[in-house]
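Undergrad: Sequence and computational prediction follow.
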Amino acid sequence: MSDYSLNEVASRAKLAAKGAGYSWGMAEEVSRGVFWLISRGLPAANVLVQLLSSFNKNENVNSAVPQSIGNELLPTLQWLCPFAAGCALTESHDSLAADMRLSVSSVKYPLLIVPFIADLAARSSAYVHLTLDAAEPAHNTNALSSGRSSSCMSGSVITNGCAVHFSDPMLLHSVFVSRINCRLATDSEIEALNDHRTHQTPRVCVSHSDWLALDEFAQRTYAPATAASRVLGAGAELNDND
Amino acid sequence: MESVDTSELKVSRRSPELVMRLERLGCFHQSRLSFMRVLTRRLKSESWSFTKASFNVNDSGVGYAVYTTKGPQNTYSLVAFSHDLPDALRSDRVIAEQWDATFVLFDGIPTQEDIARLERNVPHQEAGRLTGTELTLSRANRSVRLWNHVVDRLANGQQPDKAQIDSVGYLMRTTAVYGSGKFGAADRQAIAQRDECRAPFQVEMLTVYLIRTFVRDLVEHMARVKGGTHAVAMEPAIARSLGIGNSTGLGMAPFILNHPALFNNWILAKEEALSTVRSISKATDAQYSLFLQLFARAERSIKQWHTQHEAQAVKICQLQSDLAGFADYLSEFDKSCPNPWNKLYGWAENNLCIEAQECIVSLMLEPYGDLIDGFTHCMGSDEPTIAPIRGAVKVASLIEQTQTLYDWAETINWHENASCARAWYVSAEKLEPRLGERFDEPIADYEQPLSPARDAIAMLAALKSYYNQAGEHANVAAFLLMHPEHRHMVRRVQTLQDLPYGEIRDNTISSSLLPIDMLRCKLSFFGAIHFDPKSDRWVRIRMFGNAPYPEELSELDADHWVYPE
């Protein structure tokens, strides 16, 4: 594990996301989400690497999106990207009303949706409760088989936009949840958050292999150098003796 | 302090339509709001102490030095590594791998273990690693010609030739000063709440200020090595006239596009300062006299502004001529007239080139530190660079907002190649930012989102089409589900709603773009002078020239040093 600054990891996450096929605007969401998580000591870099590595020709950033905007999001194909789902689920709402229920089905790497719920909680000046349900959806096929096992588990998350609490640390590494339900938290649930204060951290540890994986995705955004671009592109000489 | 009556006229800020054109931004001059001057005023007013804690440099000029400075709350140390660089490897580009000197600004006082760790990393710059105790990373190359001249002269017991000193202005030029979390250094957020870090780029400015002291000490050390007992120190006035150069490429240009809130705050502070001064009903004798004095000193400084760059040379020539014309106007000017600064500004705007107008704007601010220096507290930004999208906003509303912000971009013919001739990209080669020819090079697939004008117009077309299909109830979240390619631009338009000066109102991918205009604008806020473009995308400047050295701060003027006496 190596020690990194928060901005360094968030910047790398943005480029990695762009390299993996997201638009620049979605790559910014990835960066924003990763920053929120790592500044709370949560393993977003590792989980992001897993997400980006799980895309392939058929299941890519463009297909892992919701069918439509609404309070109940369903995937267009097999599963939902947590960033696409997070944006679609929360951006339509200026705040979360007491009687409002939001849900999203078939989400991979649910840790990465939490920053968007946190945004909604902050906008609502309220505590928001998430239930993560690991039960396998009826329509699921072999597409998710690699993610099954202990990585698919149930639990809950509560956040007020700043602090966050996961009912089970294993949830951080959850690969897939069949459904996430979102509503305002009850008083007793709020107590659970207050019992587990989130400590913000100024630094982040990332494993060498995760950093290399992010770098590999990021490299796809860099133009290969040519002799002409080396001279013309930067508009300067290569030697500065004067 | 003399009283100032500002009660009658309230002059509005200049409009973004006037100010935010590259032609004008590329003529900005340093002012009393510039970050270097914010720093030196603070160092003096708070009586910061300075110590040369170590100077372990050998006879070949190789080794390290530590300069420590202590303020009311915090202590910072420049750790400088001096190298013996073969001439063939001296490049100011990001792609360079060795330099004459390399530096970090350390948060506190480094231990020997820290220095040993830094010695293994800092000379390698981007290829090394820093930790949370380092605030900046930088490097510098010598101006070989002037360096050798100064060493030789001092070694022989003589002072350097003033003409040669003036023609270059610095012994070393930095080629990058990285901060805010780069290469493992501390994030900006980690220090943002410190008093001395609230104004932008203060640790970067402190780094350069301390580098200047190290460079003076190093050149005198090398002279002593060469001349032994014959060697002399530089006369203080000559040493003081030397600044630190800086060689800046395209990396700075994306910054002002990528940080619209910060950029807005810089321009807003300057424009608010100008409107404040233009609104003053009467200038006192002392205020007007200071203005005249600094005007004369600025003219002297401009006479030392040299460049081989044709377009800049023409601008300097016109500037000198226009300032002479302004001096004639001043000789007849009745300073007791109502709102004298507004009258002077109005005359300048109607009669002088933009370069001269902006020079005079900066000079007009000088007598009013008591009114405007506080604006520097608003020049930082705690806003997140990436704000959440407000998706509940109706598409019709976003169309209106976009049209209001980018009406000027709708007049550009985007079907012409010349309108989108360029593309910004990052080279795989040490991640150097570059600007290429879209239709001649295979770079379009790697394009960075740095063309807001083109992207706004493309988004506008998609928004209108979506609105026609989805109707008046359609919101932005639904639009973005269909069009994720416009998410970056939606965020930009929403971010700019409260930022009148956050956007450059010019095409940043046009065949006629001069990136040096963007570089100069940013560098003027640093406080740089003597812009010397080496091409349309590369500029050398001077920083801290004529500023008091640390040991002179208590005795000398820590504010107006930028105008040579």
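TA: Looks like it came in fine. Note that the structure is predicted; figures quoted are calculated from it, not measured. Numbering: from 1, shown residues only, chains lettered A, B, ... in the order given.

Undergrad: What count of nearby residues applies to the nearest residue to residue A:202 once chain neighbours are set aside?
TA: Among residues not flanking residue A:202 along the chain, residue B:190 sits closest, at 5.1 Å (CB to CB, 6 or more residues apart in numbering or on different chains). Heads up, the C-betas are built off the backbone N, CA and C, glycines and all. Counted by other CB atoms under 10 Å in any protein chain shown, the residues lying close to residue B:190 total 20.

Undergrad: Okay, buried residues for stretch A:12-24 please.
TA: By 16 or more other CB atoms under 10 Å in any protein chain shown, the buried positions in stretch A:12-24 come out as A:12-20, A:22-24.

Undergrad: mind putting the residues you listed in JSON lines, secondary structure and distance to residue A:46 included?
TA: Putting the buried residues of stretch A:12-24 into JSON lines (DSSP: H, G, I helix; E, B strand; the rest coil; distance: CB to CB, whole Å) gives the following:
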{"residue": "A:12", "secondary structure": "helix", "distance to residue A:46": "13"}
{"residue": "A:13", "secondary structure": "helix", "distance to residue A:46": "11"}
{"residue": "A:14", "secondary structure": "helix", "distance to residue A:46": "17"}
{"residue": "A:15", "secondary structure": "helix", "distance to residue A:46": "17"}
{"residue": "A:16", "secondary structure": "helix", "distance to residue A:46": "12"}
{"residue": "A:17", "secondary structure": "helix", "distance to residue A:46": "15"}
{"residue": "A:18", "secondary structure": "helix", "distance to residue A:46": "19"}
{"residue": "A:19", "secondary structure": "helix", "distance to residue A:46": "17"}
{"residue": "A:20", "secondary structure": "coil", "distance to residue A:46": "15"}
{"residue": "A:22", "secondary structure": "coil", "distance to residue A:46": "18"}
{"residue": "A:23", "secondary structure": "coil", "distance to residue A:46": "24"}
{"residue": "A:24", "secondary structure": "helix", "distance to residue A:46": "24"}
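
Undergrad: Of the residues you listed, which are in range of chain B?
TA: Taking CB under 8 Å from any CB of the partner chain, the overlap between the buried residues of stretch A:12-24 and the neighbourhood of chain B is A:22-24.

Undergrad: how about the residue in chain A positioned nearest to chain B, what does it touch?
TA: Nearest residue of chain A to chain B: residue A:25, at 2.3 Å (CB to the nearest CB). By CB atoms under 8 Å, 6 or more residues apart in numbering or on different chains, the contact set of residue A:25 is B:480, B:484-491.

Undergrad: And those, which two are furthest apart?
TA: Using CB to CB, the contacts of residue A:25 span at most 12.6 Å, a distance reached by B:485 and B:491.

Undergrad: circling back: how about the ones next to chain B among the buried residues of stretch A:12-24 in JSON lines, adding pLDDT?
TA: Output for these, formatted as JSON lines (pLDDT from 0 to 100):
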{"residue": "A:22", "pLDDT": "97"}
{"residue": "A:23", "pLDDT": "97"}
{"residue": "A:24", "pLDDT": "98"}
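
Undergrad: Would you check that residue A:229 makes contact with residue B:441?
TA: Yes - Residue A:229 is in contact with residue B:441 according to CB atoms under 8 Å; the separation is 6.3 Å.

Undergrad: Looking at these two, which is more packed in?
TA: Between residue A:229 and residue B:441, counting by other CB under 10 Å, residue A:229 is the more crowded of the two (22 against 18).

Undergrad: Pull the contacting residues for the more buried one.
TA: Residue A:229 is in contact with A:223, B:427, B:434, B:436, B:441, B:443, counting by CB under 8 Å, 6+ apart.

Undergrad: go on, residue A:218?
TA: Here residue A:218 is in contact with A:12, A:15-16, A:18-19 (criterion: CB under 8 Å, 6+ apart).

Undergrad: repeat for residue A:51
TA: With CB under 8 Å, 6+ apart, residue A:51 has these contacts: A:81-82, A:108-109, A:112.

Undergrad: Can you list which of the residues you listed are found in strands?
TA: residue A:108 (DSSP state E).

Undergrad: could you dump the contacts of residue A:51 to JSON lines with pLDDT?
TA: Shown next, in JSON lines, are the contacts of residue A:51 (pLDDT from 0 to 100):
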{"residue": "A:81", "pLDDT": "97"}
{"residue": "A:82", "pLDDT": "98"}
{"residue": "A:108", "pLDDT": "96"}
{"residue": "A:109", "pLDDT": "96"}
{"residue": "A:112", "pLDDT": "98"}
